[in-house]
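Novice: Give me the fold of what follows.
(chains A and B)
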Amino acid sequence: GQSLEQPSEVTAVEGAIVQINCTYQTSGFYGLSWYQQHDGGAPTFLSYNALDGLEETGRFSSFLSRSDSYGYLLLQELQMKDSASYFCAVRLMDSNYQLIWGAGTKLIIKP
Amino acid sequence: GAGVSQSPSNKVTEKGKDVELRCDPISGHTALYWYRQSLGQGLEFLIYFQGNSAPDKSGLPSDRFSAERTGGSVSTLTIQRTQQEDSAVYLCASSLSGTGGTGELFFGEGSRLTVL
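Specialist: Predicted coordinates:
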């Protein structure tokens, strides 16, 4: 079956760097997306990798390696407001609307 | 509207009652999704609309769940004879199209349903 695997929880210190991994077993897909969701809030789009390599957006970067079936979200200079859940998702080619979602990683940031 | 709007934001109902949840997507967005999220869990896909048609209803948990979309805009998710296991946050999302680009989904704040 199609699946994306993420760690359930990651803990880091304010000001540090943290990497949230996403490994997948899927058929062909268009790209890997990342969403952020604060407790009680709506998921919001963070980044998208259509091609292999690193995409940088401010303090956040996202990486994709299709040959390794692997991607990650990198958060730098962590701030307390980055405490949230992070979801990876892919859009399958054989179902042009369907997104497959990871179960989410809860990021806990300590002062 | 400026964003995806969902109503009600909170709904408490008694077991066995019917509920209707409404989603008003971003104007011009043809694709609309309903998801369900239990506390601390991931997103459970329910149904997808492209325009007014629903090519994929495979995620609806039972025949107590139904959804419609009219005028390519507002969508209503109806749960009949609610059960306690239906308690969750129901999220609606819209996007410009089901294909192409980043496929970014814009989510509403959700409707929190509690079935007593």
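Novice: Any stretches of the chain with poor pLDDT?
Specialist: No chain in the question, so chain A it is. Low-confidence segments of chain A (pLDDT under 70): A:95-96.
Novice: that's the wrong chain, I wanted chain B
Specialist: B:1, B:98-101.
Novice: how about the residues of chain B near chain A?
Specialist: When proximity is defined by C-beta under 8 Å from any C-beta of the partner chain, chain B lies next to chain A at B:4, B:31, B:40-43, B:45, B:48, B:50, B:55-56, B:91, B:93, B:98-99, B:102-110. Any C-beta I mention is one placed from the backbone N, CA and C, and that applies to glycine too.
Novice: Are any of those buried, and if so which?
Specialist: Buried by 16 or more other C-beta atoms under 10 Å in any protein chain shown: B:4, B:31, B:42-43, B:45, B:48, B:50, B:56, B:91, B:93, B:98, B:102-103, B:105-110, out of the residues of chain B next to chain A.
Novice: What helix or strand is the spatially most central residue of chain B located in?
Specialist: The centroid of chain B falls nearest to residue B:34 when counting by C-alpha atoms, centre = their mean (3.1 Å). Residue B:34 belongs to strand B:31-37 when assigned by DSSP states H and E.
Novice: Show me how far that strand is from its chain's centre.
Specialist: From the chain centre to the centre of strand B:31-37 is a distance of 4 Å (C-alpha atoms, centre = their mean, to the nearest Å).
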